[in-house]
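A.B. asks: My questions are about this predicted structure, shown below with the sequence.
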Amino acid sequence: MLIDFDKNILINGENVDGLKLLEGLVSYDFILIDPPYRTENKDFIYNDRLSRLQWITSIQERLEKAHGLLKADGAIAVHIDDKEYASLRMVMDEVFGEDNYINTFVIKRGIKSLNNQFEKVSRLNRAFEFLVVYQKSDQFYYKNPYKESSEQRKQGYWTSFKSIVDRPTMRYVLDGLTLDKGQWKWSKERGLRALHNYKEYENHKQPISIKEYWERYKEEYLHHTGNPLEFVRRHKNSAQYWVQPSEQIYMDTNMMEYIVNDYNGKKNYGFDTVKNLNTIKNIISIFTNKDSKVLDFYAGSGTTGHALMELNAEDGGTRTFTLITNDENKICSNIYYPRLKEQASKRKQSFGYIVLES
């Protein structure tokens, strides 16, 4: 079978067979999967009723094959809930190595307030899910570890220049202010330089905001002094420094501003565990370059493929995906394939479609 891995590919078949098909033919920059959570929910369109031992055996077999398909600088991210988090970590430690564990992200769940109907409750609603990340080797790095800044940060803001850390060498006279305990955030040289910059701003002939002043003179100041244009001011009985504007900031593992599930998943795709398109798009963006290859072998409703095509359209990327899903209850034929075909048609694209013999 001749497969062009420089194009998007959908494989209809058991994922373990699909992974076997890929072995030795291609390697991936990023693997993103959302395996069944073993909730034992009989209403799900796919089998989510494995025993714990069955679940561990099943996921380990597939992760071992996925490990061989990952590039040396690649990473794998796995969605999971708190029920199977410990089991997943145990398996991934064994397959990828404990030293290759990177992070666990926390993503907000949409909560159904079922507890409201009861006078007494034995368990509280789960408010989040996890995204567990392992690297193939120490060659991995996050490609785009940023998130959009708050409106306050985009404008710049003043905050306390005092720190609770207590180093006497970082206590010095600052515009008549002295400290008996604690310290200033910056060294004496840097702090006094920033104070001087603020006084220069106050004496500026034109009444402009500090943001406008910073934007106007920051490059010139850097060129002449070799230092960034920073500001410190006396404020009442203490001091403040100005946090410079930024459109983006480094993210951390708290992704609670993102919703993990699609509220319209049941209506649009027949089940309510569909992942949120924008959340998956952000996850792909964090881990990939514009030309990365992405694998998802628990493709579910097709959100990974949809998100990747939409992200490419937004940033001009040429990322490609390989997606594997079985056709249990016609999930591939009736849900995934039509969704993918619709999104590809909008962008005048095509994708390879492979049906594996059962």
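C.D. replies: The structure has been received and is ready for your questions. Numbers count the residues shown, from 1 in each chain.

A.B. asks: so who does residue 179 touch?
C.D. replies: 162, 171 (CB atoms under 8 Å, 6 or more residues apart in numbering). Placement of C-beta: from N, CA and C, glycine included.

A.B. asks: okay, it: pLDDT?
C.D. replies: Residue 179 carries a pLDDT score of 93 in this model.

A.B. asks: and it, that's in a strand?
C.D. replies: No. The assignment for residue 179, made by DSSP: H, G, I helix; E, B strand; the rest coil, is coil rather than a strand.

A.B. asks: Quick check: the gap between it and residue 65.
C.D. replies: In this view, residue 179 and residue 65 are 60 Å apart by CB to CB, to the nearest Å.

A.B. asks: One more: residue 251?
C.D. replies: In terms of CB to CB, residue 251 sits 30 Å off from residue 65.

A.B. asks: Repeat that for residue 352.
C.D. replies: For residue 352, the distance to residue 65 - CB to CB - is 20 Å.

A.B. asks: Residue 7 now?
C.D. replies: 22 Å.

A.B. asks: Compare the two (neighbour count), which wins?
C.D. replies: Using other CB atoms under 10 Å as the criterion, residue 7 and residue 65 rank with residue 65 on top: 18 against 13.

A.B. asks: How about the contacts made by that one?
C.D. replies: 16, 19, 20, 23.

A.B. asks: so the closest residue in space to residue 315 that isn't next to it in sequence, which of the three states?
C.D. replies: Nearest non-adjacent residue to residue 315, counting by CB to CB, 6 or more residues apart in numbering: residue 290, 6.4 Å away. What three-state DSSP gives for residue 290 is coil.

A.B. asks: Also the one 10 residues further on?
C.D. replies: Classification of residue 300 by three-state DSSP places it in coil.

A.B. asks: Please report phi then psi for the closest residue to it other than its chain neighbours.
C.D. replies: Nearest residue to residue 300, sequence neighbours excluded (CB to CB, 6+ apart): residue 34, at 5.9 Å. When read as degrees, to the nearest 10, the backbone of residue 34 gives phi -130, psi 80.

A.B. asks: same deal with residue 59?
C.D. replies: phi -70, psi -30.

A.B. asks: The chain should start at 66 in everything you say after this.
C.D. replies: Got it, the first residue is 66 from now on, which makes the last one we talked about residue 124.

A.B. asks: I'd say it and residue 159 touch.
C.D. replies: No. If you go by CB atoms under 8 Å, residue 124 and residue 159 don't touch, sitting 11.1 Å apart.

A.B. asks: quick one, which of those two is more surrounded?
C.D. replies: Comparing residue 124 with residue 159 by other CB under 10 Å, the one with more neighbours is residue 124, at 25 against 12.

A.B. asks: Pull the number of nearby residues for residue 90.
C.D. replies: Residue 90 - counted by other CB under 10 Å - has 10 other residues nearby.

A.B. asks: Quick check: it vs residue 382, distance?
C.D. replies: Noted for residue 90: a distance of 23 Å to residue 382, by CB to CB.

A.B. asks: Was I right to think residue 367 contacts residue 399?
C.D. replies: No. Contact criterion CB under 8 Å: residue 367 and residue 399 do not qualify, at 11.3 Å.

A.B. asks: okay, the two: which has more neighbours?
C.D. replies: Legend: neighbour count by other CB under 10 Å for residue 367 and residue 399, higher for residue 367 (27 against 14).

A.B. asks: show me what contacts the more buried one?
C.D. replies: 388, 390, 400, 401, 404, 405.

A.B. asks: could you redo the last one with a cut-off of 10 Å?
C.D. replies: 75, 334, 339-340, 361, 386, 388, 390, 396-397, 400-408 (CB atoms under 10 Å, 6 or more residues apart in numbering).

A.B. asks: State the phi and psi torsions of it.
C.D. replies: Phi and psi for residue 367, reported as degrees, to the nearest 10, are phi 100, psi 20.

A.B. asks: quick one: buried residues of stretch 257-269?
C.D. replies: By neighbour count on 16 or more other CB atoms under 10 Å, the buried set for stretch 257-269 is 257, 258, 259, 260, 262, 263, 266.

A.B. asks: what's the nearest residue to the first one if we skip its chain neighbours?
C.D. replies: Taking CB to CB, 6+ apart, and ignoring the residues beside it in sequence, residue 257 has residue 239 as its nearest neighbour in space, at 7.2 Å.

A.B. asks: Can you pull up the most central residue in this protein?
C.D. replies: residue 348 (3.8 Å; CA atoms, centre = their mean).

A.B. asks: Mind pulling up the pLDDT for that one?
C.D. replies: On the pLDDT scale, residue 348 is placed at 96.
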